[in-house]
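Trainee: Predicted model and sequence follow; I will ask about them next.
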Amino acid sequence: MSAPVLPDGVPRHVAIIMDGNGRWATERGLPRSAGHRQGVEALRRTVRAAGDIGIGVLTLYSFSSENWSRPASEVRFLLELLRRFIRTDVAELHQANVRVMMIGDRDGLEGTLRTMVEEAEALTRENDGMKLVIAFNYGSRQEITRAVRVIARKVAEGKIAPGDITPAVIGDHLDTGGLPEPDLLIRTGGEQRLSNYLLWQCAYTEFVFIPDYWPEFGAELLGRAISAYRMRDRRFGGVKSQSA
Ligand code: IPE
Ligand code: IPE
Ligand code: MG
């Protein structure tokens, strides 16, 4: 089955920085873990809404390479949430024809968790609906560094000439190789920074920063972000066709 034609103005790839779980909880006198738990509910709502809208790729920043610096108990909780999510949600995602993928340094994950991720990817590999890309133990600089090492090895082995290294070759060696670049990046929680997310891939992405905390996110806020995106004039360094 070929990819569905997107309704006008629907971004093909939406990337989200799901931020603000801790503050959401703290403001309610709850432990940060309660915010992360509600964050998973928001994630479920968002995946459903994105599927309904017809978004092709949804990439969610779930745990950064730098998040290991958090207290051990919080790190443990976040790892356990990923485990639980795979155990409880992957079958349903498979039913919904969603393809589950992970980007990030999987070698840095404990063996059984890595196997669970690989099994989820294998189970859903043939699905041709939405791609749900989980960025876990992900850092863009680390990803680029890994890609450069692979390319350097190929050069050393004479498989590729330095002059043949193009932006497309570099893009293909990233964890996101084969995926379209994000059209829209949403960050909840009010901060206006990338925090080491998709630095290469977001060269021409439209950014929408929203003050609401991630546990509050869902169909309505996603719809509003897409409305804002549709108002943008994407020029990619060129000029608008009407004013050429
Ligand atoms: C995002 O919420 C979840 C992860 C980074 C794993 P935070 O935990 O960063 O929440 P804040 O930003 O401290 O409120
Ligand atoms: C970015 O949020 C990482 C994720 C949402 C997984 P952080 O909360 O870690 O980012 P900083 O520390 O505010 O930049
Ligand atoms: Mg944060």
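Mentor: Here it is on my side, so go on. Ligands and ions are numbered 1, 2, ... in the order given.
Trainee: drop to CA atoms for contacts and neighbour counts, all remaining ones
Mentor: Noted.
Trainee: Would you mark the buried spots in the helix or strand hosting Asp52?
Mentor: Take DSSP states H and E as the rule and Asp52 turns out to sit in helix 32-53. For helix 32-53, the buried set under the neighbour-count rule, 16 or more other Cα atoms under 10 Å, comprises 32-44, 46-47, 49-51, 53.
Trainee: swap in stretch 121-136?
Mentor: Using 16+ other Cα under 10 Å as the test for burial, stretch 121-136 gives Glu121, Thr124, Arg125, Asn127, Gly129, Met130, Lys131, Leu132, Val133, Ile134, Ala135, Phe136.
Trainee: Stretch 49-65 too?
Mentor: Neighbour-count burial for stretch 49-65 flags 49-51, 53-65 (criterion: 16+ other Cα under 10 Å).
Trainee: In PDB, list the C-alpha atoms belonging to it.
Mentor: Output in PDB follows, covering the C-alpha atoms of stretch 49-65 (Å, rounded to 0.1, in the frame of the first residue of the first chain):
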ATOM      1  CA  ALA A  49      -4.300  12.400  17.700                       C
ATOM      2  CA  ALA A  50      -1.300  12.400  15.400                       C
ATOM      3  CA  GLY A  51      -2.600   9.200  13.700                       C
ATOM      4  CA  ASP A  52      -6.000  10.700  13.300                       C
ATOM      5  CA  ILE A  53      -4.600  13.800  11.700                       C
ATOM      6  CA  GLY A  54      -2.500  11.700   9.300                       C
ATOM      7  CA  ILE A  55       0.900  12.700  10.400                       C
ATOM      8  CA  GLY A  56       3.500  10.300   8.800                       C
ATOM      9  CA  VAL A  57       6.300  10.400  11.400                       C
ATOM     10  CA  LEU A  58       6.100  11.400  15.100                       C
ATOM     11  CA  THR A  59       9.400  11.600  16.900                       C
ATOM     12  CA  LEU A  60       9.300  11.900  20.700                       C
ATOM     13  CA  TYR A  61      12.200  13.000  22.900                       C
ATOM     14  CA  SER A  62      11.800  10.700  25.900                       C
ATOM     15  CA  PHE A  63      15.200  10.500  27.500                       C
ATOM     16  CA  SER A  64      18.300  12.500  26.500                       C
ATOM     17  CA  SER A  65      21.900  11.500  26.800                       C
END
